[in-house]
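>>> whatever this is, show me its structure:
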Amino acid sequence: MKTIPILNIQQFEEIQPLDDFYSNDLKSHLHKNSSLVYKPHKHNFYLCILFTEGSGIHEIDFNAYTVKPGSVFFLKPGQTHSWKFDSPPKGYLFFHTQDFYELSFSNRLLHQFPFYFSQKNTPSLELTETKTSEMYYKFKELNTEYYQKLPYKEIKITSLINTIYIDLARCYIDSKPKEIATSLRYIETLRSLEKEIESSYLHEKSANYYANKLNISSKHLNRIVKTTVGKTTTELISERVLLEAKRLIVHSKNSLSSISEILGFEDYAYFSKVFKSKTKITPLAFKKKY
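Have a look, this model is predicted:
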């Protein structure tokens, strides 16, 4: 089975200052890794990128986002993305594993930040000119620290990452108040649901199954999902299946019938019917479109 390539941090640096963290200025990164980054791909790490110049389109899981000065993007492991630039971009980016951040802080998790706590929260942010300038120097300091050989290097890097995330989370909350769930308990349940869906959606598509896994009633689970992301549990499951279908149709060389089988459908005809009901076009038409 041919699938979308999954990149790891070690692929971006021949001699790595750190095994589970990477930083670079955007121009150098894109030039050095042009064979890797322009084709649709996934990562097995977290990515944060700040644009200070340039324009274009950043496609993340079939949603197109405008690239311009002040654009910030956050990607989690497993998301598919690709770039198309109209003018040369500049800025900074950094990658890190989940453990690199979370093992440094005894009581902090990446999903505490709104841009990481749910798959349904927008993975982008637009900063003001003043805030862009402020964040530019923080990203630059992080990048400088990465390439230096100084004592307490890893401690400083994790501290700088934490500061950057806190500042960006504040901007995110101010700019996207409707996307920030109000109940911490609901947030945790949504996170647990998304993890269960991620591990089981290929063979389990029933809302009752996930409610049982979380030890709550399907009615209460539906209420939580409705409150936090404005959808039903069934819609959340269907969207994950549909996203994987799109990824496989466009980025793999599997036949459409093979894809329907991979996704747990009994036959291609039913898969095609479900796909069309959600997207208004058939899987074959979707493949031709891309």
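
>>> quick one: low-confidence parts of the stretch 151-290 of the chain?
The model of the stretch 151-290 of the chain has pLDDT under 70 over residues 177-184, 290.

>>> what of the stretch 1-150 of the chain?
In the stretch 1-150 of the chain, residues with pLDDT under 70: 1-5, 9-11, 13-17, 106-107, 119.

>>> swap the cut-off to 50 and go again
Low-confidence segments of the stretch 1-150 of the chain (pLDDT under 50): 1.

>>> may I see the buried residues of whatever helix or strand residue 241 lives in?
Using DSSP states H and E, residue 241 sits within helix 233-251. If you call a residue buried by 16 or more other CB atoms under 10 Å, then helix 233-251 has these buried ones: 233-249, 251. (Each C-beta comes from the backbone N, C-alpha and C, glycine too.)

>>> then stretch 221-231?
Of the residues in stretch 221-231, those buried (16+ other CB under 10 Å) are 221, 222, 224, 225, 228, 229.

>>> need the residues that contact that stretch.
Under the contact criterion CB atoms under 8 Å, 6 or more residues apart in numbering, stretch 221-231 has outside partners 118, 120, 181, 183, 186-187, 189-190, 193, 207, 210-211, 214, 232-233, 236, 239.

>>> what do you get if the cut-off is 7 Å, keeping everything else the same?
With contact meaning CB atoms under 7 Å, 6 or more residues apart in numbering, stretch 221-231 is reached by 118, 120, 181, 186-187, 189-190, 193, 207, 210-211, 214, 232-233, 236.

>>> out of these, which comes closest to residue 45?
Residue 45 lies nearest to residue 118 out of these, by CB to CB, at 18.8 Å.

>>> please name the nearest non-neighbouring residue to the closest one.
Distances taken as CB to CB, 6 or more residues apart in numbering place residue 190 nearest to residue 118, at 5.8 Å, with adjacent residues excluded.

>>> next: residue 153.
Of all residues not flanking residue 153 in the chain, residue 145 sits nearest, at 6.5 Å (CB to CB, 6+ apart).

>>> so what's the one you found up against?
Going by CB under 7 Å, 6+ apart, the list of residues near residue 145 reads 153, 156, 157, 160.

>>> okay, and it sits in which element?
For residue 145, the element it lies in under DSSP H and E is helix 129-147.

>>> kindly report the same for residue 73.
strand 71-75.

>>> so how many other residues sit close to the closest residue to residue 141 other than its chain neighbours?
In space, and not counting its chain neighbours, residue 141 is closest to residue 160: 6.3 Å by CB to CB, 6+ apart. Close neighbours of residue 160, defined as other CB atoms under 10 Å, add up to 20.

>>> list the contacts of residue 160.
Going by CB under 7 Å, 6+ apart, residue 160 touches 138, 141, 142, 145.

>>> pretty sure the first one contacts residue 164?
So that's residue 138. Yes. Between residue 138 and residue 164 a contact is recorded at 5.4 Å, counting by CB atoms under 7 Å.

>>> which one of these two has more residues nearby?
Ranked by neighbour count (other CB under 10 Å), residue 138 and residue 164 place residue 164 first, with 20 against 17.

>>> how about the strand or helix carrying the more buried one: buried residues?
In this assignment (DSSP H and E), residue 164 forms part of helix 153-175. By neighbour count on 16+ other CB under 10 Å, the buried set for helix 153-175 is 156, 157, 158, 160, 161, 164, 165, 168, 169, 171, 172.

>>> correct me, but the third one touches residue 102?
No. Residue 158 sits out of contact with residue 102 when judged by CB under 7 Å, with a separation of 9.7 Å.

>>> next, the angle from the helix holding residue 164 to strand 71-75.
Using axes from the mean of the first three to the mean of the last three CA atoms, to 10 degrees, the direction of helix 153-175 lies 110 degrees away from that of strand 71-75.

>>> centre of the chain versus helix 153-175, how much separation?
Remark: helix 153-175 is offset 17 Å from the chain centroid, using CA atoms, centre = their mean, to the nearest Å.

>>> after that helix comes which helix or strand?
helix 184-200.

>>> who touches that following helix?
Helix 184-200 is touched from outside by 111, 117-119, 181, 210, 213-214, 221, 224-225, 227-229, 236-237, 240, with contacts defined as CB under 7 Å, 6+ apart.

>>> perfect, I'm done here.
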